[in-house]
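Q: Here's my sequence, what's the structure:
(one chain, ligands or ions: 1)
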Amino acid sequence: MRTADIGLIGLAVMGQNLVLNMADHGYTVAVYNRTTARTTEFLDGPARGTGVIGTETIEEFVNCLTRPRRVMLMVKAGGPVDAIVNQLVPLLDEGDIIIDGGNSYFEDSIRRTMDLKERGLRFIGAGISGGEEGARHGPSIMPGGDPGAWPHVKGILQDIAAKVADGTPCCDWVGPDGAGHYTKMVHNGIEYGDMQVIAEAYHLMKVGLGMSHADMAAVFRRWGDGLLDSYLIDITADILGHTDEQGDPTLEVILDAAGQKGTGKWTVISSLDLGYPMTLVAEAVYARVVSALLDQRIEAAGVLGSAVDESGVAGQEWGDDFVDAIHDALYASKIVSYAQGFMLLGAAGGEYGWDLDYGRIAQLWREGCIIRAAFLDDITAAFARRPDLPSLLLDGFFTDALRKADSGWRRVVTAAVGAGIPVPAYSSALAFYDAYRSERLPANLIQAQRDYFGAHTYERIDRPRGEFFHTDWTRPGGAAT
Ligand code: NBP
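A: Numbers count the residues shown, from 1 in each chain. So this is what the prediction gives:
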């Protein structure tokens, strides 16, 4: 019987492409899929001639793996992962390894690492990004889980991962239990933010400045050669330049109701749980939610009247260099978004006991994944300068970048508000930036109100932290206690 270096379960789009990627790198892969027809189609189609071993039962699959067995799951996240794990457990031996490469919720990965450890098995929750193309030719891989498993899968996962220019793989050990899937979740949250800041630029150029699609595509191409050099900017230029058979922009026939699969929402929920601001990603998630209220929006546009004049009239006052100001608003907002993302990773590291290497995480995202961007090198450099940097906004490079972008950013938000063009990501990022750099905020009033109606007490600026006071607010000069 032929033996396989690794086995993969789940032959949908991601699984098939990862198998072909592994085969390209000289690994023999055994495959199993719940629906056998899919396995047969794969073996007769894309996998023909690759040496991939097809199996029809999970027992046959397990029996052809070299030890310790390495089983990668690429099935739908949630129940299907537990279903397959439960089928595998009785068939595996001590020390065997299960790698979940799907978009699993990090708390499930924490649970699975513990449960499988108790059964003598080793679990890895590996976030994988890059979609079909990444899976086939080199994704970003963020593995976490049982550290004892890592040496046994490191070679394969780093071989199939994307590489940065110097050959460093976009795959490295992130940390224990759920750390890999948490990092992937934050990656996806940031992806929501990146997409929204680009969408706002398009909206301002289209309905504010009345620019043609060819001109907008050219702007995004130019931006892609500069500070904003990234995959999402490049594909946006392609999308804006795409026309149908009649020569009309394809983009404009696409219904403006955005979908989502939930990882952005998970990121925001975690940020609320940990008490850390993820305001830009939250706005990006809500922007999709608002877009999906299509029927209500159409009714409201009739009743309330849309503020947006699509003729480009709004932008007549905005000045010739307004496109440069949009660039600055986008760049500054992106800096805020990543600063928030890394602050959240820091908070999660503290909460869950993960010793995360933030500079290395930025490099895991440098190639292969959807948020890949030159900008990530600046983040790695910032954490090299100061590994315990509390926020990217405190690093000199980003401080300078924000100072330079400041006036354009404010100009864009002000103009957009004046014209009734929603820019939730740019404006919330600006609000966060202004709050973050304020020595004093009006939270003293919030504390006073809380104390007034609920006797929640407050701390004083002239006394050490941790001493709490209460005022009887209904009596003039009421006693402080
Ligand atoms: P899907 O998420 O669409 O999952 C389909 C696979 O899950 C099929 O192989 C299916 O088997 C299997 N499956 C299901 Br559904 N329920 C099962 C069960 N109870 N027991 C066994 N197998 C079951 O596939 P995908 O789009 O390739 O994504 C795989 C994972 O990778 C997901 O977690 C996804 O979120 C993640 N991911 C996807 C992308 C992407 O671009 N698509 C990118 C990054 C990460 P069947 O053939 O018998 O129905």
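Q: Now do the helices for the stretch 1-150 of the chain: every range, in order, please.
A: Taking DSSP state H, counting those that start in this stretch as the criterion, the stretch 1-150 of the chain carries its helices at 13-24, 36-44, 58-63, 79-88, 106-118, 131-137, 150-160.
Q: Which one, of those helices, ends up nearest to Val303?
A: Val303 lies closest to helix 131-137 among these, at 40.0 Å (C-beta to C-beta). Quick note: C-beta positions are derived from backbone N, CA and C, even for glycine.
Q: hmm, back to that, among the helices of the stretch 1-150 of the chain, which is the most enclosed?
A: Ranked by mean neighbour count, the helices of the stretch 1-150 of the chain are led by helix 13-24 with a mean of 22 (mean count of other C-beta atoms under 10 Å).
Q: got the contact list for Gly7?
A: By C-beta atoms under 8 Å, 6 or more residues apart in numbering, Gly7 lies in contact with 29-32, 61-62, 64-65, 69-72.
Q: mind checking how far it is from Glu132?
A: Distance, Gly7 to Glu132, using C-beta to C-beta, to the nearest Å: 21 Å.
Q: Flag every buried residue along stretch 456-466.
A: Neighbour-count burial for stretch 456-466 flags Tyr458 (criterion: 16 or more other C-beta atoms under 10 Å).
Q: So what touches it?
A: So stretch 456-466 is in contact with 444, 447-448, 450-451, 467-470, going by C-beta under 8 Å, 6+ apart.
Q: mind listing what Val268 touches?
A: Applying C-beta under 8 Å, 6+ apart, the residues near Val268 are 189, 278, 281-282, 285.
Q: In strands, which of the residues you listed appear?
A: Using DSSP state E, no member of the contacts of Val268 falls within strands.
Q: Work out the gap between stretch 190-203 and the centre of the chain.
A: Relative to its chain's centre, stretch 190-203 lies at 13 Å (C-alpha atoms, centre = their mean, to the nearest Å).
Q: hmm, that stretch touching the ligand?
A: No - Stretch 190-203 is not in contact with the ligand by C-beta under 6 Å from any ligand atom; minimum separation 10.7 Å.
Q: what's the answer for stretch 13-22, then?
A: Yes - using C-beta under 6 Å from any ligand atom, we find that stretch 13-22 touches the ligand at 13-15.
Q: Output that stretch as PDB, nothing but the C-alphas.
A: Only the C-alpha atoms of stretch 13-22 are listed here, as PDB (Å, rounded to 0.1, in the frame of the first residue of the first chain):
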ATOM      1  CA  VAL A  13     -12.100  24.800  -3.400                       C
ATOM      2  CA  MET A  14      -9.500  25.400  -0.700                       C
ATOM      3  CA  GLY A  15      -8.800  21.800   0.000                       C
ATOM      4  CA  GLN A  16      -8.300  20.900  -3.600                       C
ATOM      5  CA  ASN A  17      -5.900  23.700  -4.200                       C
ATOM      6  CA  LEU A  18      -3.900  23.100  -1.000                       C
ATOM      7  CA  VAL A  19      -3.500  19.400  -2.100                       C
ATOM      8  CA  LEU A  20      -2.200  20.400  -5.500                       C
ATOM      9  CA  ASN A  21       0.200  22.900  -3.800                       C
ATOM     10  CA  MET A  22       1.600  20.200  -1.500                       C
END
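Q: Since that was my last question, I'll sign off now.
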